[in-house]
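> Build me a model from this:
(one chain, ligands or ions: 1)
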Amino acid sequence: MKSALIAGITGQDGSYLAEFLLDKGYKVYGMRRRTSTPNYENVQHIKDQIEWISGDLTDLASLIEAVRISDPDEVYNLAAQSYVAASWPQPILTGNITALSVTNMLEAVRIVKPTARFYQASSSEMFGKVMEIPQKETTPFYPRSPYGVAKVYGHWITVNYRESFDMFACSGILFNHESPRRGLEFVTRKVTDGVARIKLGLQNELRLGNLDAQRDWGFAGDYVKAMWLMLQQNEPDDYVISTEETHSVRELLEVAFSYVGLNYTDYVVIDPKFVRPAEVDLLIGDCSKAKKKLGWKQEVSFVQLIRMMVDEDLKRVQAEARYMNVMALS
Ligand code: F7E
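Residues are numbered from 1 along each chain as shown. All right, here's what the predicted structure looks like:
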């Protein structure tokens, strides 16, 4: 039985990856940070199948212990401060967690189990002010946020450990990937949750920032397969994972609102609070290398993805509203 250690297991990607690896018969170790109010929402349904280990990305001793206990064949580093907008007010925290902690993870693996295969969650945010359209593995980076800058560090330190210590370390340059498990602050989920609340009469406007930004949005459930595939190859390498399509926030609004029979222009309000100090205007990935070498391809289209998210948010918001009514009457 193979074993895998996942850092960031309670997040969107970690939860899909854990499901995927459990299905493949892996023993899955999930590293969690000790908090007084842990949040298992994304992994509640598989919580009992996971071996939980306490660890903190900023504490090398705890990472060494996590690798020692799990003795993993594969290590997936999905943990980060991943909200781009929060990286301006908290640039140092973002640097410590999203950049330097990658070295902590790599060091723990190098010291305890250097033969383990290592996956680093790199990001299309590294392309920032894009130097080439579409973006591929060889496109130079030009990050536009402290988050993007931190991810560039994480990417290069992974490449460096591969080249310095002959470690099987891969970096997946994943373009935006979403799902019903996406955090509510990200634009796709903010929109689909907003659509559900507006449709159910619980909200009457949706406040957003830049509607012209364009992103290459795929389904997170498809993307975790690519992470695993990277670690099954004969040689470690870096891969772009994307849909090869780009859509603006405005198009996202059109798809989500029209699905429930509404017009977004009646509800969306531009709020400068959500406009970023520096924007990434356009992302579109060329994932031909992953298609060719990994045999990976996306299954869920942009429109299917957004409709799936609206459906799930309608169900959840409806259930929450029913619960609140029952509580109010009791
Ligand atoms: O923003 C615009 C915003 O926060 C997308 C993370 O997973 O993907 C994600 O980063 C776009 C931006 O994702 C609002 O300005 C407009 O242009 O959903 P987002 P992101 O910044 O692209 C990459 C690949 C990662 O690695 C990151 O970890 O939407 N936008 N109005 C807005 N965005 C938000 N969040 N909220 C708004 O009100």
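> where do the strands sit along the chain?
Assigned by DSSP state E, the chain shows strands spanning 3-7, 27-32, 51-54, 74-77, 117-123, 169-174, 177-178, 206-208, 214-215, 218-219, 238-241, 247-248, 268-270.
> Any chance of the ones you listed in TSV with mean neighbour count as columns?
In short, each C-beta sits where N, CA and C put it, glycine included. As requested, these are exported to TSV (neighbours: other C-beta atoms under 10 Å):
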stretch	mean neighbour count
strand 3-7	27
strand 27-32	24
strand 51-54	15
strand 74-77	27
strand 117-123	25
strand 169-174	26
strand 177-178	26
strand 206-208	19
strand 214-215	22
strand 218-219	24
strand 238-241	25
strand 247-248	18
strand 268-270	13
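> Out of those strands, which gets nearest to G295?
strand 238-241 (11.7 Å; C-beta to C-beta).
> Who are the packing partners of the closest one?
Applying 3 or more C-beta pairs under 8 Å, 6 or more residues apart in numbering; DSSP states H and E, we find strand 238-241 packed against strand 169-174, helix 220-230.
> any chance of the strands of the chain in JSON lines, with distance to the ligand and mean pLDDT too?
Listed next are the strands of the chain as JSON lines, based on distance: least, C-beta to the nearest ligand atom, whole Å; pLDDT from 0 to 100:
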{"stretch": "strand 3-7", "distance to the ligand": "15", "mean pLDDT": "98"}
{"stretch": "strand 27-32", "distance to the ligand": "19", "mean pLDDT": "97"}
{"stretch": "strand 51-54", "distance to the ligand": "24", "mean pLDDT": "98"}
{"stretch": "strand 74-77", "distance to the ligand": "13", "mean pLDDT": "98"}
{"stretch": "strand 117-123", "distance to the ligand": "3", "mean pLDDT": "99"}
{"stretch": "strand 169-174", "distance to the ligand": "6", "mean pLDDT": "98"}
{"stretch": "strand 177-178", "distance to the ligand": "7", "mean pLDDT": "98"}
{"stretch": "strand 206-208", "distance to the ligand": "4", "mean pLDDT": "98"}
{"stretch": "strand 214-215", "distance to the ligand": "6", "mean pLDDT": "98"}
{"stretch": "strand 218-219", "distance to the ligand": "10", "mean pLDDT": "98"}
{"stretch": "strand 238-241", "distance to the ligand": "10", "mean pLDDT": "99"}
{"stretch": "strand 247-248", "distance to the ligand": "9", "mean pLDDT": "98"}
{"stretch": "strand 268-270", "distance to the ligand": "9", "mean pLDDT": "98"}
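> TSV for the ones you listed, including distance to V130?
Converted to TSV, those look like this (distance: least, C-beta to C-beta, whole Å):
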stretch	distance to V130
strand 3-7	29
strand 27-32	34
strand 51-54	39
strand 74-77	25
strand 117-123	13
strand 169-174	13
strand 177-178	18
strand 206-208	22
strand 214-215	10
strand 218-219	18
strand 238-241	13
strand 247-248	15
strand 268-270	24
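> what's the domain layout of this structure?
3-178+216-241, 187-215+246-281+300-329 (automatic domain parsing).
> I'd like the distance between the nearest residue in space to Q49 that is not next to it in sequence and the ligand.
Counting by C-beta to C-beta, 6 or more residues apart in numbering, Q49 lies nearest to L22, which is 5.5 Å off, once chain neighbours are set aside. Separation of L22 from the ligand (C-beta to the nearest ligand atom, to the nearest Å) stands at 24 Å.
> and L22, how many residues sit next to it?
Close neighbours of L22, defined as other C-beta atoms under 10 Å, add up to 15.
> which residues sit in contact with it?
L22 sits next to V28, I46, Q49, I50 when contact means C-beta atoms under 8 Å, 6 or more residues apart in numbering.
> Surely the second one touches A18?
Yes - judged on C-beta atoms under 8 Å, I46 makes contact with A18 at a distance of 6.0 Å.
> re the thing from before, so which of the helices and strands packed on strand 238-241 gets nearest T138?
Evaluated over those, closeness to T138 peaks at strand 169-174, with 10.9 Å, by C-beta to C-beta.
> Strand 117-123 and the closest one, what's the angle between them?
Inter-element angle recorded for strand 169-174 and strand 117-123: 30 degrees (by axes from the mean of the first three to the mean of the last three C-alpha atoms, to 10 degrees).
> Run the angle between strand 169-174 and helix 220-230 for me.
Going by the same axes, to 10 degrees, strand 169-174 is angled at 150 degrees with respect to helix 220-230.
> so how far is strand 169-174 from its chain's centroid?
Chain-centre distance of strand 169-174: 12 Å, with C-alpha atoms, centre = their mean, to the nearest Å.
> tell me what that strand is packed against?
Checking 3+ C-beta pairs under 8 Å, 6+ apart, strand 169-174 ends up next to strand 117-123, helix 146-165, helix 220-230, strand 238-241.
> Helix 146-165 and that strand, what's the angle between them?
Using the same axes, to 10 degrees, one finds that strand 169-174 and helix 146-165 are set 150 degrees apart in direction.
> Parallel or antiparallel, list what pairs with strand 169-174.
Sheet pairing for strand 169-174, assigned by DSSP bridges, gives strand 117-123 (parallel), strand 238-241 (parallel).
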